[in-house]
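**Q** requesting a structural model of the entry that follows:
(3 chains, ligands or ions: 2)
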Amino acid sequence: MTATIDAAPYTVEEVCERFDPVMGLEVHVELNTATKMFCGCANAFGAEPNTNICPVCLGLPGSLPRLNGTAVESAIRIGLALNCRVRERSGFARKNYFYPDMPKNFQISQYEDPIVFDGYLDVPLDDGTTWRVEIERAHMEEDTGKSLHIGGATGRIHGADHSLLDYNRAGVPLIEIVTKPIVGAGVRAPEVARAYVTALRDVLRGLGVSDVRMDQGSMRCDANVSLKPKGTDAFGTRTETKNVNSLRSVERAVRYEMGRHAGVLLCGGTVTQETRHFDEQSGTTSAGRPKETFADYRFFPEPDLPPLEPSREWVETLRAGLPERPWERRARIQAEWGLSDEELRDLVNADALDLVADTVDAGAPPEAARSWWVSYLAQQANAAGVTLPELAITPPQVARVVALVAEGTLTNKLARQVVDGVLAGEGEPDEVVAGRGLAVVSDESALTTAVDEALAAQPGIAEKIRAGKTKAAGAIVGAVMKATRGQADAARVQELVLERCR
Amino acid sequence: MNELVSLDAAELARRIHAREVSSVEVTRAHLERIEAVDGPAESGVHAFLHLDAEGALAAAEAADRAVAGGAPASPLAGVPIALKDNLTTTDMPTTAASRILEGWRPPYDATVVARLRAAGLVPLGKTNLDEFAMGSSTENSAFGPSRNPWDLTRIPGGSGGGSSSAVAAGESPLALGSDTGGSIRQPGAVTGTVGVKPTYGTVSRYGLIAFSSSLDQIGPCARSVLDAALLHEVIGGQDRNDQTSVSAPLPPVVEAAQAGARGDLAGVRIGVVTEFSGEGYQPGVLGAFTDAVRTLGELGAEVVEVSCPSFGYALPAYYLIAPSEASSNLARFDAMRYGLRVGDDGEHAADEVMSLTREAGFGAEVKRRIMIGTHALSAGSYDALYGKAQKARTLIVRDFTAAFATCDVLISPTTPTTAFAIGERADDPLAMYLADLCTIPSNLAGNAALSVPCGLSADDGLPVGLQIMAPALADDRAYRVAAAYEVARGPGAGPRIPELRALEATR
Amino acid sequence: MSDITRDDVAHLARLARLAVSDAELDMFSGQIDAIVDTVSRVGEIPDDVPPTAQVVPQTNVLRPDTTEPSLRRDVALAEAPAAEEGRFRVPRILGEEL
Ligand SMILES: [Mg+2]
Ligand SMILES: [Zn+2]
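**A** Ligands and ions are numbered 1, 2, ... in the order given. The predicted structure is shown next:
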């Protein structure tokens, strides 16, 4: 076991009295293309082991890579969304190192000429200000397979007696997005790191290029941290922390490493340049085993793939198709719908913003759309133990229910029953209305008859109403609603009762 | 010796399609010839690492049925062929002549193999090569050397010595090879057969076990220029499984071979590469080459001298680029997913098993090249070695461009010497590398080049090859000149093979 | 001379995962030194010459993002030195590739 200092002895504030933190963030994103980067195997999470493999992604002798056009487009779109320049001529390189999860023992990546480079992302911070994170490059590469370590006490790599390999993930398209050094954030460095990864995740989700699930590994962050003594120009020795699997962990890992570096430096020690492993449980990092150093990768141009020279027209077409950035969209929606900051935050936190917006796009008024998603539908999701987006109803279906209420076909109560029907898989809202016979009884003469019958059945109450005790009308309304199995508009029944007793 | 095994592929195809003979009879004749001369491995031609008599006869029967139905699949349908054992085949093992892949059964056919099958050709088996195509003599095969049918004590060239010796010995009228630095042309030259390296990218590499990906090219081995052209058209053309395969239409090589056979080269300007003569060239080779130059002039061609000053960098550049790419291409042989595994005793970790397996599974030349390539790509030497080799490549491309600006084709001897004795250069890698001196520039530049037999060396009576180089995508020019020369030369370097009669007699 | 030492060759062998013997180290270091010495001639070429990495005349060769059949698992595993639970079985792996 490597000896490590497990406690981070200094708080961020203490660290920043003596040092300026410098960060570099490397984010790997798995694209959600239908197929892998270099072969036609399905790019799918969670399949039976070794069912999505072929001669190419298994690295069989004689096989050759075939570049996925959609992956290239996604890479360019990501670059454009991050304000990057698109390289006129780029290409792939081989990064050579031996590891059992990498079938060819080299990774096809990009090296000197990434497809997009030199951009920035303006990141919203908690206090409403923005922080500009400069982007060094984003490049395409392929993912590795997965190993399962068997034997030994922990199921982890140490002490295992053999490993089992599944190459389904081998060759899944990755985009690696690398920032330039983030300098000057001071005590806010951990927050900036989290906010950057959050903003990046939102941009990528808006582009629709990735599932961006940190928990499933479709978005992975490596955090490089070093400390620069105040008043000097030279960067300190950096460490690269891996296995940072949530937004919160990004912030914690940076904070921990800042404190740990300061602890080492203030005791007169030197920080070792190394990769470190973040532990979610303890919130600490530990040294990883050294692998080949960068100098040993023996990068050289991938001879099996011709170069990429994206035409200006292609790039501009992709640029024209970019969606609004999520926070710009949010600001626009807030203004258009007249939401308070709190209302907006609730929507975002409930994962409901897109759903409401799509419901509005399908024709519903913002207020009604918002109310459905944050109240009744949120309750149903809660009860079913699913997230709002997972609920079995679509924004256009909700918009249709809203429309049926607005035109008087449904009361709010009936509308909830229609929604229940949709959630239960009974079909479109109109089908549920027909199937369950839920339309409001809006035939005036039928309603009048029902009111007259109810008054006749309870002459005593009718008398009280006629005597001016209008509160007594409630009993008659109740009787009518019962007789129409709830499908009457209660307010209109009330009016009719009073009219008939005048 | 059955007459069928001495016929050209075109003539065999004519007879099969005219139903004068069946593909099954032709196939049987070749299988018998193989039986007679190929073994034993210690003393026979040893062109084949694997034979598939049953599969061949089934394919021949299918070809005969198609002919009987009036629809042969291609002009070569029913004709037997041998496949270099670095091409993947689903019905035969594929070893690249390496212990590390011994017995490996690929789950897919190389594109060229699929095209051969679709064209109704009859694969006989897999031929020997230098391990992973690294060599010029076939002595680096893990399964023992092949021998030159002209003199069984001599090398048949390499790396495709199995394919060239099979064709020269009458074991197969056609074969496929792969040419990274001359591995089709040099064996063709030393066995008196035709070998063609098509323009890079015009024949799919999918299913060719990569040696040096930016240089490797699959091509035909045959006993006549027309046969090579017919096979070239079967295997060539763009393939979606190889993104370096070019979209340009395949040059009309069969038409060119037929046009050339009419024997007129008037208006063709032929450049003799000055740099490929002098010291190190066997007098008999230069003599045969000079005769060939005279013949070309008599055919009406205008022959001029051209200098390609940077060709001197070709050999050093090649012995940097090819090992570099190979060090990466061969990294996949790591005992994890297929092939040999050594040392998996529960004690050794994966990394150690990789190292033990590669140590046991690779031969000396392969290890040497992997280490040279690893060195050339290392951060500390990349600029001085691999980087400079890439610059040399640019200079060689420029030399070709300049030469082709004034000449239609360029010519040289294919290789500086005739077949040397088995064992003669085995311990001297640098001497061995010289065999590819004249062939390497076309691999680095990617242009088309072929070797056509040009008589026998006066000093040892062994075959000499004439190399004809043409610009990229102008393979047809090389075919036209070669076919014209072939007719004018006459049958001087046809199959002679006295030693094999002795071999047959001992059976 | 190119000055490739025995130690250099040992390092290259380690990087290339070749468990070479001492005898091989002796043989290879001499040969590799001589070969590298010969091929180092390319060092004469001026730095301003642009590099050529490949001679493919085309660019932007892309595959449509549509799925194609994968290998059957039993076929893929049939050639494996060892397999278990639908996976390739390999000796224990030293250290995590972080
Ligand atoms: Mg990477
Ligand atoms: Zn695949």
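
**Q** for the helix or strand containing residue B:410, which positions count as buried?
**A** Element membership of residue B:410 [criterion: DSSP states H and E] is strand B:409-413. Going by neighbour count (16 or more other Cβ atoms under 10 Å in any protein chain shown), the buried part of strand B:409-413 is B:409-413. Where C-beta positions appear, they are placed from N, C-alpha and C, glycine not excepted.

**Q** for the residues you listed, give me CSV that also has pLDDT and distance to residue A:98.
**A** Formatted as CSV, the buried residues of strand B:409-413 follow (pLDDT from 0 to 100; distance: Cβ to Cβ, whole Å):
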residue, pLDDT, distance to residue A:98
B:409, 98, 45
B:410, 98, 42
B:411, 98, 45
B:412, 98, 41
B:413, 98, 42
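
**Q** would you check which of these are in contact with ligand 2?
**A** Applying Cβ under 5 Å from the ion, the subset of the buried residues of strand B:409-413 adjacent to ligand 2 is empty.

**Q** nearest to residue B:394, of the residues you listed?
**A** residue B:410 (18.3 Å; Cβ to Cβ).

**Q** what residue ranges in chain C score low on pLDDT?
**A** Chain C contains residues with pLDDT under 70 at C:1-2, C:95-98.

**Q** quick check, central residue of it?
**A** Nearest residue to the geometric centre of chain C (Cα atoms, centre = their mean): residue C:16, 6.6 Å.

**Q** give me phi/psi at it?
**A** Main-chain torsions, residue C:16, degrees, to the nearest 10: phi -90, psi 10.

**Q** please spell out which residues along stretch A:236-249 are buried.
**A** For stretch A:236-249, by 16+ other Cβ under 10 Å, it's A:236, A:238-247, A:249.

**Q** just the terminal-to-terminal distance for that stretch.
**A** For stretch A:236-249, the separation between the terminal residues is 23 Å (Cα to Cα, to the nearest Å).

**Q** try stretch B:419-435
**A** Start-to-end span of stretch B:419-435 (Cα to Cα) is 10 Å.

**Q** for stretch A:346-363, same thing?
**A** Start-to-end span of stretch A:346-363 (Cα to Cα) is 22 Å.

**Q** quick one: that stretch to chain centroid distance?
**A** Taking Cα atoms, centre = their mean, to the nearest Å, one finds the center of stretch A:346-363 at 14 Å from the center of the full chain.

**Q** hang on, residue C:15 packs against residue A:296?
**A** Yes. In this structure residue C:15 lies within contact range of residue A:296 using Cβ atoms under 8 Å: 6.1 Å.

**Q** could you pick out the longest helix of chain B?
**A** When chain B is parsed with DSSP state H, its longest helix is helix B:388-406.

**Q** sorry, wrong one. I was asking about chain C.
**A** Taking DSSP H as the assignment, the helix of chain C that covers the most residues is helix C:22-39.

**Q** gap between the nearest residue to residue A:246 once chain neighbours are set aside and residue A:250?
**A** Nearest residue to residue A:246, sequence neighbours excluded (Cβ to Cβ, 6 or more residues apart in numbering or on different chains): residue A:214, at 5.3 Å. Shown here: residue A:214 relative to residue A:250, a distance of 9 Å by Cβ to Cβ, to the nearest Å.

**Q** compare these two (neighbour count), which wins?
**A** A direct count of neighbours by other Cβ atoms under 10 Å in any protein chain shown for residue A:214 and residue A:250 places residue A:250 higher, at 28 against 20.

**Q** surely the more buried one meets residue A:244?
**A** Yes. Counting by Cβ under 8 Å, residue A:250 touches residue A:244, with 5.4 Å between them.

**Q** quick check: phi and psi at residue A:411.
**A** In terms of degrees, to the nearest 10, the main-chain angles of residue A:411 are phi -90, psi 170.

**Q** same question but for residue A:38, I mixed them up
**A** Per-residue torsions, residue A:38: phi -130, psi 10 (degrees, to the nearest 10).

**Q** and the one 3 residues further on, by the same measure?
**A** Comment: the main-chain dihedrals of residue A:41 come out as phi -70, psi 150, following degrees, to the nearest 10.
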